[in-house]
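S.K.: got a sequence here, can you build the structure:
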Amino acid sequence: MQSPYLYLRGLRHAEHTVFAVQDGQKYYTDVQFNVRQAYSSGQQVKRSIMDALTTGLNVAPAPITFNWQTKKGKNNETQFEQKEPWSPCDPTHVDQLLGGYMRAETGEFTIKRRSPLSISAMRPLHPLLGGLERERENLTFDRTSHPAHHPVRVRDEKGNEISREDVDALLLSTKRNLPNRIWIPDHSRASGLFVYDVAVDLRTLFCVSVNTLEPELHPSKVADLKAQGWTETRNVFGPCLLAPRDKREQYMPALAHALVNWRITSNQARTFSLMETLAVAISDNANHLAGAIRGQLREDTERPAAKPVLDETAGAKLYTALSAGGYIAGAYGAADALDQAEQDILARLRAFDYENQAVPA
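M.R.: Sure, this is the predicted structure:
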């Protein structure tokens, strides 16, 4: 029986970079080898794929409403409290159709669509093949070379600014200095070979359920979609609306491209890395991916060590880029390997019969 899923594993090389800006590089500790593992969360990978998708289609992402509520503080001052953002819950926006959505308002029923894309975190191929580098010294934001051009401002405990003369007197009495410099703590970078996995549920890729018990659409939106050419059909989960054929044909090449060529752009203000794709494995069987691109423990070393392996006999279709030869012994890639991977994904997306899905009797 043909699987209704498309599975993909991508192998990437990251070099001295940061996947996340806030609070430094995210990491977890591998329990078997007791080493720290840098990672990019599945949510961040998903956001990057959606960004690549909308960029490729040259369309704006769905408008998200960010809600704030005012309230009075202890001294009757006005404060702002951030509330849950609102999604339009509109599958005519491609990032909502493929990325899913949820909106829960007080006094209204919850509307949510589960994304047909299940996306893993991007993490090291093997605990010994990628991880976290920590610098011995912290970074600095340093402007001491031009002290007259970059002023230093000092305030007292009440928030009042202290005059320069009083600051000079204070420094003389305390034998201190106040340089035009700030230390940046937790200076860490990610390097190594990283993998990410994606599972695409073809049954719900372009179909939105019209089930009213757990609604994915507001009743008024159902009528709007029908007016825009969405057709009534049925999948294994029940009645649904199917996106128009012209939209599906427009979205499929962009999705195939985004799954292979997405980039984490939120880190570019810190340290940019190409994060080049070394190989892509594609299959309708998730188990085949784990064998096609894997890390393998070496037996010829005293200390634990691993090597990356690309295996064309594991059952998945494997596409190897030229750059893989620089990191994996015996990897002979092709200049158009990633283009071939895109075409393979596109062919699998087009081969699925979205209009006439087989439904058990």
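
S.K.: what residues of stretch 324-333 count as buried?
M.R.: Using 16 or more other C-beta atoms under 10 Å as the test for burial, stretch 324-333 gives 324, 328, 331, 333. (Glycine included, C-beta is placed from N, CA and C.)

S.K.: could I get those residues as a markdown table with distance to residue 123, pLDDT and secondary structure?
M.R.: Compiled in a markdown table, the buried residues of stretch 324-333 are given as follows (distance: C-beta to C-beta, whole Å; pLDDT from 0 to 100; DSSP: H, G, I helix; E, B strand; the rest coil):
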| residue | distance to residue 123 | pLDDT | secondary structure |
| --- | --- | --- | --- |
| 324 | 19 | 97 | helix |
| 328 | 18 | 95 | coil |
| 331 | 21 | 93 | coil |
| 333 | 23 | 95 | coil |
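
S.K.: export the residues you listed to CSV and tack on distance to residue 33?
M.R.: Below are these laid out as CSV (distance: C-beta to C-beta, whole Å):
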residue, distance to residue 33
324, 24
328, 20
331, 24
333, 29
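
S.K.: now for those residues, which pair is the farthest apart?
M.R.: Using C-beta to C-beta, the two most remote members of those are 328 and 333, lying 9.3 Å apart.

S.K.: tell me, what's touching the two both at once?
M.R.: Residues within reach of residue 328 and of residue 333 at once, by C-beta atoms under 8 Å, 6 or more residues apart in numbering, are residue 278.

S.K.: strands along the stretch 251-361 of the chain, start to end?
M.R.: Per DSSP state E, counting those that start in this stretch, the stretch 251-361 of the chain has strands spanning 277-283, 293-297, 306-310, 317-320. These are given in chain order.

S.K.: wait, the stretch 51-200 of the chain
M.R.: Secondary structure of the stretch 51-200 of the chain (DSSP E, counting those that start in this stretch): strands at 68-72, 78-82, 101-103, 111-113, 117-119, 123-124, 130-134, 139-142, 181-184, 188-201.

S.K.: next helix or strand past the last one?
M.R.: Just to be clear, that refers to strand 188-201. For strand 188-201, the succeeding helix or strand toward the C-terminus, using DSSP states H and E, is strand 207-209.

S.K.: and that following strand, what does it pack onto?
M.R.: Helices and strands in packing contact with strand 207-209 are listed as strand 238-242; criterion 3 or more C-beta pairs under 8 Å, 6 or more residues apart in numbering; DSSP states H and E.

S.K.: which of the residues in the strand it packs on are buried?
M.R.: Within strand 238-242, the residues that qualify as buried are 240-242, counting by 16+ other C-beta under 10 Å.

S.K.: contacts for it next, please.
M.R.: Applying C-beta under 8 Å, 6+ apart, the contact partners of strand 238-242 are 204, 206-211, 217, 222, 225-226, 230-234, 354-355.

S.K.: hmm, 6 Å instead?
M.R.: Outside strand 238-242, the residues that touch it by C-beta atoms under 6 Å, 6 or more residues apart in numbering are 207-211, 225, 230-231, 233, 354.

S.K.: any idea which of the strands of the stretch 251-361 of the chain is most buried?
M.R.: Among these, strand 277-283 has the highest mean neighbour count (mean count of other C-beta atoms under 10 Å), at a mean of 26.

S.K.: so what's the residue count around residue 336?
M.R.: Here the count is done by other C-beta atoms under 10 Å, and residue 336 has 13 residues near it.

S.K.: that one and residue 53, how far apart?
M.R.: The gap separating residue 336 from residue 53 is 22 Å, by C-beta to C-beta, to the nearest Å.

S.K.: now do residue 129
M.R.: 29 Å.

S.K.: who's more crowded, these two?
M.R.: In this comparison of residue 129 against residue 53, neighbours counted by other C-beta under 10 Å, the higher total goes to residue 53 at 23 against 18.

S.K.: for that one, which non-adjacent residue is closest in space?
M.R.: Setting aside the residues directly before and after it, residue 53 is nearest to residue 258 in space (C-beta to C-beta, 6 or more residues apart in numbering), at 4.2 Å.

S.K.: pick the one among the buried residues of strand 238-242 closest to residue 273.
M.R.: residue 242 (39.8 Å).

S.K.: in the sheet, who's paired with that closest one?
M.R.: residue 207, residue 231 (DSSP bridges).

S.K.: okay, now the nearest residue to residue 146 once chain neighbours are set aside: neighbour count?
M.R.: Nearest residue to residue 146 in three dimensions, chain neighbours excluded: residue 180, at 7.8 Å (C-beta to C-beta, 6+ apart). Residues near residue 180, counting by other C-beta under 10 Å, number 16.

S.K.: quick check: residue 180 touching residue 143?
M.R.: Yes - under the criterion of C-beta atoms under 6 Å, residue 180 makes contact with residue 143 at 4.2 Å.

S.K.: give me the common contacts of those two.
M.R.: Taking C-beta under 6 Å, 6+ apart as the contact rule, the neighbours common to residue 180 and residue 143 are residue 150.
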